[in-house]
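# Build the 3D model from these lines:
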Amino acid sequence: MDTQTLDIINRLSTAQLPRHIAIIMDGNGRWARMRSLPRSAGHYEGVASVRKATELCSDIGVGYLTLYAFSTENWNRPQQEVDTLMTLIGMAIERETPDLIKNNVRLRLIGDIDRMPDDPRSRLLRCRQATAHCTGLTLSLCLSYSSRWEIVRAARLLATECAGVDTDLTQISETDIESRLTTTGIPDPDLLIRTGGEKRLSNFLLWQAAYAELYFCDTLWPDFGKEELAEAIADFQKRERRFGKTSEQVSHHPDKDISQSDSRH
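Numbers count the residues shown, from 1 in each chain. Now for the predicted structure:
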């Protein structure tokens with residue numbers, strides 16, 4: 001790790017680290033195009049950035065890292081690119097499994113995983129099982145995932161459970177919805193990062209990110225390393241998180257971590 005990155009990390013407040021960081025990993029294709037390379041080269045290079053983000057979060061004590069790896073809408077991309085991505089995801093996670101175990105990182109899969117081809121799905125499931133005992137960072141890969149798909153799925157589950165049952169529908173709560181989301185058991189993200197210069201959420205964690213701090217940067221994902229992630233965390237620590245309260249209310253409790261006290265998890 002270079003001196004500049006270490007300097008940024010050393011200046012971070014361990015008491016104000018985001019508990020959960022979510023990242024929209026954007027810019028692989030543009031990174032490759034700028035170098036006159038096939039799009040697949042950008043995806044392969046992006047795997048190194050996944051490793052760096054995972055290592056940094058694990059090292060400094062972030063509890064949860066969620067990565068938007070493949071959206072429901074990505075199935076509409078050219079078949080050759082989809083096939084390349086599926087192969088890459090399966091091979092990469094299998095290759096990284098020993099290091100995940102070594103670093104006490106647990107893999108979680110979020111999304112319509114059954115839609116994935118057999119081979120990469122099997123590799124992912126093997127990694128999930130192999131890391132199930134790990135108690136450090138929880139690394140969640142969102143695959144074949146979109147937030148609207150997830151919310152519709154939760155609504156269908158709830159409707160099915162209520163069908164034919166004498167249920168007071170006015171008593172359905174946010175907790176009832178949350179417990180049927182694919183992210184159940186994971187705290188809402190405190191910091192949501194998008195690389196690549198775009199400034200939109202692209203159907204990612206729309207429910208969960210209601211109070212996330214948003215951080216957009218122009219850096220393309222293959223160039224997003226530990227220094228860039230540390231800078232995003234440093235920016236997060238400068239923000240005042242009010243959760244609907246006033247600044248005065250927050251300032252009356254300077255020792256109280258509002259991100260923890262207001263968490264529903």
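# show me what contacts Ile168?
Rather than Ile, residue 168 is Asp. Contacts for Asp168 (Cβ atoms under 8 Å, 6 or more residues apart in numbering) come out as none. Where you see a C-beta, it was placed from the backbone N, CA and C, and this is true even at glycine.
# Check it and give its pLDDT.
If you check Asp168, the pLDDT there is 84.
# do the same with the one 3 residues further on
Confidence per residue is given as pLDDT, and for Gln171 that number is 88.
# Which residue is the nearest non-sequential neighbour of Glu73?
Taking Cβ to Cβ, 6 or more residues apart in numbering, and ignoring the residues beside it in sequence, Glu73 has Ser146 as its nearest neighbour in space, at 6.4 Å.
# looking just at contacts, which helices and strands does the longest helix anywhere in the chain meet?
Longest helix in the chain by number of residues, with DSSP state H as the criterion: helix 79-102. Other helices and strands packing on helix 79-102, by 3 or more Cβ pairs under 8 Å, 6 or more residues apart in numbering; DSSP states H and E, are helix 39-60, strand 64-71, strand 106-110, helix 118-130, strand 138-145.
# tilt between that helix and strand 138-145?
160 degrees (axes from the mean of the first three to the mean of the last three Cα atoms, to 10 degrees).
# how big is the angle separating helix 79-102 from strand 64-71?
160 degrees.
# hey, C-alpha coordinates of helix 79-102 in PDB?
C-alpha atoms of helix 79-102 as PDB (Å, rounded to 0.1, in the frame of the first residue of the first chain):
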ATOM      1  CA  GLN A  79     -24.900 -12.600 -25.500                       C
ATOM      2  CA  GLN A  80     -21.100 -12.800 -25.900                       C
ATOM      3  CA  GLU A  81     -20.600 -10.200 -23.200                       C
ATOM      4  CA  VAL A  82     -23.100 -11.900 -20.900                       C
ATOM      5  CA  ASP A  83     -21.300 -15.200 -21.400                       C
ATOM      6  CA  THR A  84     -17.900 -13.600 -20.700                       C
ATOM      7  CA  LEU A  85     -19.200 -12.000 -17.500                       C
ATOM      8  CA  MET A  86     -20.800 -15.200 -16.200                       C
ATOM      9  CA  THR A  87     -17.600 -17.100 -16.900                       C
ATOM     10  CA  LEU A  88     -15.400 -14.400 -15.300                       C
ATOM     11  CA  ILE A  89     -17.600 -14.200 -12.200                       C
ATOM     12  CA  GLY A  90     -17.500 -17.900 -11.600                       C
ATOM     13  CA  MET A  91     -13.800 -18.300 -12.200                       C
ATOM     14  CA  ALA A  92     -12.900 -15.200 -10.100                       C
ATOM     15  CA  ILE A  93     -14.900 -16.200  -7.100                       C
ATOM     16  CA  GLU A  94     -13.400 -19.700  -7.200                       C
ATOM     17  CA  ARG A  95      -9.900 -18.300  -7.400                       C
ATOM     18  CA  GLU A  96     -10.500 -15.800  -4.500                       C
ATOM     19  CA  THR A  97     -12.100 -18.400  -2.200                       C
ATOM     20  CA  PRO A  98      -8.900 -19.300  -0.300                       C
ATOM     21  CA  ASP A  99      -8.100 -15.700   0.300                       C
ATOM     22  CA  LEU A 100     -11.600 -14.900   1.500                       C
ATOM     23  CA  ILE A 101     -11.300 -17.700   4.000                       C
ATOM     24  CA  LYS A 102      -7.900 -16.600   5.100                       C
END
